[in-house]
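S.K.: Turn this into a model:
(one chain, ligands or ions: 2)
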Amino acid sequence: MSELDLLARGGVVGGGGAGFPLWKKLAAPAEQLLINGAECEPLLKSDQYLMRRYPAQLIEAASRLAAIVSAREAVICLKDHYAPQIAALSEVLKQRTFTPPVRLHLLPTVYPIGDEQALLHSATGKTVPPGALPGSVGCTVVSVSTALNALRALNGKPVTARFVTVAGEVRRPGVYRAPIGMPVQELLEKAGGATIPRYRLVLGGPMMGPLADEKDPGVVTKTLGGVLVLPAEHVLVNHAMLSMEQARVRARSACIQCRTCTDLCPRHLLGHPIYPHLTMRAFAAGNRLEPSAMLCMECGICELYACPMGLNPRRVQQMHKAELRAKGERPAFELKEAPALAEYHQAPSGRVLARIHAAQYDIPVPDEAVEVTTEVVRIPMKQHIGAPAEPCVTAGSTVRRGDVIGRMADGALGADIHASVCGTVEQAGNGWVVIRADRTAGA
Ligand code: SF4
Ligand code: SF4
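M.R.: Numbers count the residues shown, from 1 in each chain. Ligands and ions are numbered 1, 2, ... in the order given. You can find the predicted model right below:
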């Protein structure tokens, strides 16, 4: 089996965001392979834990993935204040040589330096043109957890678990290793439960993670990096709950067109022609869609950090982007010169954390992740961009951890899905496979 087949059959997809299948990403050659170790969402600690705990494996993964895309080098990019991680990785690099070679690049501690285009610019000096992908400038970007999953898959071990940071108003915040398909509510209980009676869960980091459904917060998936417990009246919850009509009334009455949202937009700072203040103007007037909203990567800087009036330019960008997509619009954009003083307009991570009223939830990187188990896993067949996997087991089947339970269709964009526990299949169909764990079955 080729290495790309091993990655597809091992179910490796991007660990953050939409879950892009890694085999597809690595199918194109690149000059440099970048490992994204920024973990730029405030409060999340899983990647920092993994870099410190598994430095040799991460470096080996970086070099092997670089070889797959025929890159001349792999660059592990991490923030300049991640001292223990830098020390652990440097020690391995001192002791061993790798082909292709691996080196470290230290990123400034600003948000969102983990945006792959901001990271790529910092590490290589290149700028990805607006609307394009890193491959257009000869780079491939892979996250820490994805790279480690890839190394396991290349050695025949599929993705069955996920390291998840649980933080906020929870009794035992930390990094948890949870089986794919574990209910999020149960994970929260394993972390000691919420410390307050009225809370909302955020799935992911505080800047970009969506609010979980109150009745069914969902399950641990390959792309779930964090679970945050926030007071029901927290500013982030209020932003997410605002209706678009309320946002429009506020935009009409309070947007002073100061353009701070544009001036601090990280993509604008790269020279992309994106102008959230213009989207706000068009939204308030309700008379047109702003094409540059297509370039928004939804980092939240404009809304949660920049706007002096507490308005919602990110929500408005999301809305305009969705409507433009629904109309099938594909505007073309040209890269411009980066604004003067762009490097001084970046948002320090500590300031961002304070601005979103979440500094009190920041925890140190734990020494060890907590392994958690569950009785029943509910595993979605779609945890990635592309076509869902098709269940290949039926109710009553006995499975072992790592067995394939969902197959990617031949030639489709996707990845296989695997049993995350040993046990008996209770249901298979409608996009899910439910397995009851058999505690006597072992690993
Ligand atoms: S920063 Fe706020 S007030 Fe200023 S233009 Fe943007 S949305 Fe309007
Ligand atoms: S969310 Fe705001 S700051 Fe972030 S890319 Fe979109 S417009 Fe720019």
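
S.K.: Do a quick rundown of the helices in the stretch 101-250 of the chain.
M.R.: If you assign secondary structure with DSSP state H, counting those that start in this stretch, the helices in the stretch 101-250 of the chain sit at 116-124, 144-154, 184-190, 235-241, 244-254.

S.K.: Need the pLDDT of the closest residue to L187 other than its chain neighbours.
M.R.: Distances taken as CB to CB, 6 or more residues apart in numbering place A178 nearest to L187, at 5.4 Å, with adjacent residues excluded. (Glycine included, C-beta is placed from N, CA and C.) A178 is assigned a pLDDT of 98 by the prediction.

S.K.: likewise A441?
M.R.: At A441, the predicted lDDT confidence score is 60.

S.K.: if I pick the residue lying closest to K327 once chain neighbours are set aside, what's in contact with it?
M.R.: Once flanking residues are discounted, K327 sits nearest to L289: 7.8 Å by CB to CB, 6+ apart. Contacts for L289 were tallied using CB atoms under 8 Å, 6 or more residues apart in numbering; they are 282, 320, 323-324, 327, 329.

S.K.: just R436 next, same as before
M.R.: R436 sits in contact with 375-376, 423-424, 426, where contact means CB under 8 Å, 6+ apart.

S.K.: okay if I get those residues as a markdown table plus pLDDT and neighbour count?
M.R.: Formatted as a markdown table, the contacts of R436 follow (pLDDT from 0 to 100; neighbours: other CB atoms under 10 Å):
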| residue | pLDDT | neighbour count |
| --- | --- | --- |
| E375 | 97 | 13 |
| V376 | 98 | 15 |
| G423 | 98 | 23 |
| T424 | 98 | 16 |
| E426 | 98 | 15 |
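
S.K.: need the contact list for R152.
M.R.: 10, 158-159.

S.K.: which one among those residues gets closest to ligand 2?
M.R.: Looking at the contacts of R152 and their distance to ligand 2, the nearest is V159, at 29.3 Å (CB to the nearest ligand atom).

S.K.: So that closest one is in contact with G14, correct?
M.R.: No: proximity of V159 to G14 does not meet the contact threshold set by CB atoms under 8 Å, at 11.4 Å.

S.K.: higher neighbour count, the two?
M.R.: More neighbours surround V159 than the other of V159 and G14, with 26 against 23 (other CB atoms under 10 Å).

S.K.: Tell me, how many residues neighbour C392?
M.R.: Number of residues near C392 (other CB under 10 Å) recorded here: 15.

S.K.: Excluding chain neighbours, what is closest to it?
M.R.: According to CB to CB, 6+ apart, the nearest residue to C392 is R407 (4.8 Å).

S.K.: Is the one you found in contact with A415, as I believe?
M.R.: No: here R407 does not reach A415: they are 9.9 Å apart, not a contact under CB under 8 Å.

S.K.: which bits of the stretch 201-350 of the chain sit near ligand 1?
M.R.: Contact residues of the stretch 201-350 of the chain with respect to ligand 1, defined by CB under 6 Å from any ligand atom, are listed as 255-261, 277, 280, 306-307, 309, 311, 313.

S.K.: Report the mean confidence score over stretch 212-229.
M.R.: Averaging the model's pLDDT scores along stretch 212-229 yields 97.

S.K.: thinking again about what came up before, now the contacts of R152 as a markdown table including distance to A395 and pLDDT?
M.R.: As requested, those are arranged in a markdown table below (distance: CB to CB, whole Å; pLDDT from 0 to 100):
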| residue | distance to A395 | pLDDT |
| --- | --- | --- |
| G10 | 25 | 97 |
| P158 | 22 | 98 |
| V159 | 24 | 97 |
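
S.K.: Now, those residues that are in strands?
M.R.: Here DSSP state E is the test, and the contacts of R152 give no hits in strands at all.

S.K.: Distance to ligand 2 added to the residues you listed, as JSON lines?
M.R.: Putting those into JSON lines (distance: CB to the nearest ligand atom, whole Å) gives the following:
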{"residue": "G10", "distance to ligand 2": "33"}
{"residue": "P158", "distance to ligand 2": "34"}
{"residue": "V159", "distance to ligand 2": "29"}
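
S.K.: So in that sheet, which strands flank the helix or strand where I76 lies, and in what orientation?
M.R.: I76 is located in strand 73-79, with elements delineated by DSSP states H and E. Strand 73-79 has these partner strands in its sheet, going by DSSP bridges: strand 32-37 (parallel), strand 102-107 (parallel).
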